[in-house]
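Compute the structure for the input listed below.
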Amino acid sequence: MTASPWTDDRIDRLKALWREGRTAEAISLDLGSGISRNAVLGKVHRLGLSAGGHGATPVIKTLVSKRPTRSAPKPTVKSLCLAPVEHPEFDVPAEGLTTILSVRRLECRWPYGEPKDHDFKLCGRRVERGSFCGAHAGIGYRQSPGGRQALMALAGLA
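So this is what the prediction gives:
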């Protein structure tokens, strides 16, 4: 069994140097052969010496704490007030409606009722634009107020 390089004298010297705020590398050089920087750090940890006594840490914390903090710029929020849109009321036609399972290509898919209801139907008239007949396409496809430029300005990109 080999003798430990940590004699009582070396441990006392380690404690004194650590309290002075010396680095682990400087302490290892001072203690001499057989004691590496990592050995010093391990012994400091096992002895329970606090890092608060170490001189370099408060200097770094002081420098870091004196840095000015920049607050992030607050985003500007623009509100968009739209006039209420009047939708024409459609009477549900008595005939021509189709179900979700029987709707075919080129048939209007404008919904009548709630999808969860047993009597839910789709318009079923001939498609003129997109997925809807002419009457329903006028409601389903609308230009945004002010067009593309207004949307870009609202997003702050114009």
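
If you count neighbours, what's buried in the longest helix seen in the chain?
Longest helix of the chain, by residue count under DSSP state H: helix 8-20. Within helix 8-20, the residues that count as buried by 16 or more other C-beta atoms under 10 Å are R10, L14, K15, L17, W18. (C-beta placed from N, C-alpha, C; glycine too.)

okay if I get those as TSV plus pLDDT and distance to H45?
Formatted as TSV, these follow (pLDDT from 0 to 100; distance: C-beta to C-beta, whole Å):
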residue	pLDDT	distance to H45
R10	91	16
L14	92	12
K15	93	13
L17	93	15
W18	92	11
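
So which of those is the closest to L101?
Within those, the smallest distance to L101 is 80.5 Å, found for W18 (C-beta to C-beta).

wait, that closest one sits on K43?
No: assessed by C-beta atoms under 8 Å, W18 is found out of contact with K43, at 9.3 Å.

Run a quick neighbour tally on the closest residue to H136 other than its chain neighbours.
What sits nearest to H136 in space, not counting adjacent residues and going by C-beta to C-beta, 6 or more residues apart in numbering, is W110, at 3.9 Å. W110 has 18 neighbours, counted by other C-beta atoms under 10 Å.
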